[in-house]
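>>> A structural model of the following input is requested.
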Amino acid sequence: MRSVSERIGASVFLVVLNAFFAAAQQPAVTAEKLDSGYLLGPDDQIVIHAIDSPEISDKPFLIGMNGNITLPLLGRVEAGGLTVEQLEVALNARLKQYVQEPQVAVSVAEFRSQPVSIFGAVTKPGVIQLRGHKTLYEALSMAGGPGAGGPTETMGSSLTLTRRRENGDIPLPGAKIDPTGQFSTVELNVQDILDGSNPAANIEMKPNDTISVSEANSKMIYVVGDVVHGGTFSLGGRETLSVLRALSLAGGLGRTALPERARIVRGSPGGAKPQEIPVNIKQIFNGKAEDISLLPQDVLVVPTSSRKTFSNYTVPSLLSAVASAAIYHF
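Next comes the predicted model:
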């Protein structure tokens, strides 16, 4: 009769042995495992792990342009348009004629089938690969992203999204069909996408979509006079910029500034004499006056009580003389 210690030792051995065989039955994942939202497509490279099927196990396979993979023993298998889980089910079914209880795991080694091209005023123009469901905002984030480089300081107010009609027309108001009939396009306000003010426009991306973010070009304002660091500032994706926001970009008021006598110098159509719009920044600070919106090419002038010299910061020539005079206009 075995001793208690012998019986305990045998029990421990059986537990370890069972755990070993249970672990052996679990398919190993050698590359990235995705959720069920990702659809496999041409040029994706997958890795198959199949217990008792060394002919296909742990080898990379490239999905062809026809959406198929060709495997030893199984021949041609349709993979394009399936999720990873659906392909696993299909392979298990095909292997049953050779293996009594097949166990297959599929993972994606390289993503190549769902490209989206992003160019224009973004930090990282080029081609990104969609991995599962991605929105327009997420695609922009992958090109640098708000707060991570993203759309640049020269970003304009609009972006153009172009989609192949084989993937469906863009489901947004204002979407148009190009003259060839092959593409659907729409122009969107880029700031609405970045700040979430138009959630309906933040649509899901499709493979081969193209996003073009416009450059700001003339969408600049100028802050000159008695401020910490005056200069030229982009409106980004905005159509206007408030006086207080412009002052913030310029680092705030100088120590000898006269904020109650500030001016906005605004060009007039046809080359007429520029307008001078009085701005009492002191009252705006105190909540006694409305914060005024600056338009593209506006010059915010903050006068000084000293005779300090200020440069013109490449203010447009039409407005330069007026802005220079307004610095000392009190």
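>>> is it true that Ala139 touches Lys206?
No. Counting by CB atoms under 8 Å, Ala139 does not reach Lys206; the two are 10.5 Å apart. C-beta: built from backbone N, CA, C; applies to glycine.
>>> out of the two, which sits in the busier spot?
Ala139 (22 against 17; other CB atoms under 10 Å).
>>> Would you mind writing the CA trace of the helix or strand containing that one as CSV?
Taking DSSP states H and E as the criterion, Ala139 maps to helix 136-142. The C-alpha trace of helix 136-142 is given here as CSV (Å, rounded to 0.1, in the frame of the first residue of the first chain):
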residue,chain,number,x,y,z
LEU,A,136,-12.2,59.6,-40.8
TYR,A,137,-10.9,61.2,-37.6
GLU,A,138,-9.0,58.0,-36.8
ALA,A,139,-7.4,58.0,-40.3
LEU,A,140,-6.3,61.6,-39.8
SER,A,141,-4.9,60.7,-36.4
MET,A,142,-2.9,57.9,-38.1
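>>> What are the contacting residues of it?
Outside helix 136-142, the residues within contact range by CB atoms under 8 Å, 6 or more residues apart in numbering are 116, 118, 122, 128, 130, 134, 146, 148, 150-151, 161, 188, 193-194, 196, 201-203, 205, 209, 211, 213.
>>> Buried subset of those as a ChimeraX selection?
The buried residues among these can be selected in ChimeraX (16 or more other CB atoms under 10 Å) with this line:
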select :116,118,122,128,130,134,150,151,161,188,193,194,201,202,203,205,209,211,213
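>>> Now do the SS call for Arg238.
The three-state label given to Arg238 by DSSP: H, G, I helix; E, B strand; the rest coil is coil.
>>> and the residue lying closest to it once chain neighbours are set aside, how many residues sit next to it?
Using CB to CB, 6 or more residues apart in numbering and skipping residues adjacent in sequence, the residue nearest Arg238 is Gln191, 5.7 Å away. Per other CB under 10 Å, the neighbour tally for Gln191 reads 20.
>>> where's Gln191, which helix or strand?
Per DSSP H and E: helix 190-194 holds Gln191.
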